[in-house]
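Peer 1: I'd like to go over a predicted model; first the sequence, then the structure.
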Amino acid sequence: DAGITQSPRHKVTETGTPVTLRCHQTENHRYMYWYRQDPGHGLRLIHYSYGVKDTDKGEVSDGYSVSRSKTEDFLLTLESATSSQTSVYFCAISESETGNNYGYTFGSGTRLTVV
Amino acid sequence: RKEVEQDPGPFNVPEGATVAFNCTYSNSASQSFFWYRQDCRKEPKLLMSVYSSGNEDGRFTAQLNRASQYISLLIRDSKLSDSATYLCVFSLDAGGTSYGKLTFGQGTILTVHP
């Protein structure tokens, strides 16, 4: 199994503060993704990366930025947290090297509460 | 029309029952299909891929109907441990240009009771 860890696992933060979530993988896979999961919406793609410094927006990218300066780390930043960003955030990797899809492996998630 | 639609359930079935879920998708260019399982407060995990010819893994059978644009999951002889949320998932594979992005349904909740 691909090693993928997310940190922190839980966080409570105040409205207006910046927050960074980290996703770390141990296997040098090219494709990494950030999703958020909310009741009634399922999993929605925030941003994704297809290589070091290669990132793009997903369907719900407003208010979020990402960085990937190393293959193993994909960071998600909430620039100024709002209550609507209270959610469970999942990082995922694809073990494919071509973008063709064999499914993802997910991290354990980060539960973020913005108060 | 939503990209993917699933009956959210919940489905409550007794042990040993057979239960089936369907999921429709709107993008006819979709190429790869999956079923994921998600336990309460856990991450989704790949249950099985769905192939055009249909495929089976033990008590689980997945089928794809491209003409009607839906996939299905059949669970036979349900176990208590099958209680979870089942997510249908699809991707556009266009020689890598979709970057492997997956689109998830909202999930169908299954509860198997004694």
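Peer 2: Arrived safely.
Peer 1: Can you pull the poorly scored residue ranges out of chain B?
Peer 2: By pLDDT under 70, the low-scoring segments of chain B are B:1, B:93-98.
Peer 1: near chain A, which residues of it?
Peer 2: Applying Cβ under 8 Å from any Cβ of the partner chain, we find that chain B lies next to chain A at B:31-32, B:34, B:36, B:42-46, B:49, B:87, B:89, B:91, B:93, B:95-107. C-beta coordinates here come from the backbone N, C-alpha and C atoms, glycine included.
Peer 1: which of the residues you listed are buried?
Peer 2: B:32, B:34, B:36, B:43-44, B:46, B:49, B:87, B:89, B:91, B:93, B:98-107 (16 or more other Cβ atoms under 10 Å in any protein chain shown).
Peer 1: Name the helix or strand of chain A that has the lowest mean pLDDT.
Peer 2: Using mean pLDDT, DSSP states H and E, strand A:104-106 stands out as the lowest-scoring helix or strand of chain A, at a mean of 91.
Peer 1: From chain B, how far out is the closest residue in space to A:P18 that isn't next to it in sequence?
Peer 2: The shortest distance from A:P18 to any non-neighbouring residue, by Cβ to Cβ, 6 or more residues apart in numbering or on different chains, is to A:E79 (5.9 Å). For A:E79, the distance to chain B equals 23 Å [Cβ to the nearest Cβ, to the nearest Å].
Peer 1: Tell me the spacing between A:E79 and A:G107.
Peer 2: 22 Å (Cβ to Cβ, to the nearest Å).
Peer 1: Listing request: residues of chain A with sub-threshold pLDDT.
Peer 2: For chain A, the ranges with pLDDT under 70 are A:1-2, A:97-101.
Peer 1: Spell out which parts of it neighbour chain B.
Peer 2: A:31, A:33, A:35, A:40-45, A:48, A:50, A:56, A:58, A:90, A:94, A:96, A:98-109.
Peer 1: Inside helices: which ones of those?
Peer 2: Among the residues of chain A next to chain B, none falls in helices (DSSP state H).
Peer 1: circling back: past the least confident helix or strand of chain A, which element shows up next along the chain?
Peer 2: Using DSSP states H and E, the helix or strand that follows strand A:104-106 in sequence is strand A:110-114.
Peer 1: I'd say A:I4 and A:R22 touch.
Peer 2: No - with contacts counted by Cβ atoms under 8 Å, A:I4 stays clear of A:R22, the gap being 11.1 Å.
Peer 1: Compare those two and say which is more crowded by neighbours.
Peer 2: A:I4 (24 against 15; other Cβ atoms under 10 Å in any protein chain shown).
Peer 1: residue closest to the middle of chain A?
Peer 2: A:W34 (2.7 Å; Cα atoms, centre = their mean).
Peer 1: quick one: that one and A:L76 touch, right?
Peer 2: Yes - using Cβ under 8 Å, A:W34 is in contact with A:L76, at 4.7 Å.
Peer 1: Based on its surroundings, how many neighbours for A:I93?
Peer 2: Using other Cβ under 10 Å: A:I93 sits among 24 other residues.
Peer 1: How about it: what's its closest non-neighbour residue?
Peer 2: Using Cβ to Cβ, 6+ apart, the closest residue to A:I93 is A:H29 (4.7 Å).
Peer 1: Dihedrals phi and psi, A:Q85?
Peer 2: phi -90, psi 0 (degrees, to the nearest 10).
Peer 1: B:Q106 too?
Peer 2: According to degrees, to the nearest 10, B:Q106 has phi -70, psi -20.
Peer 1: Perfect, that will be all.
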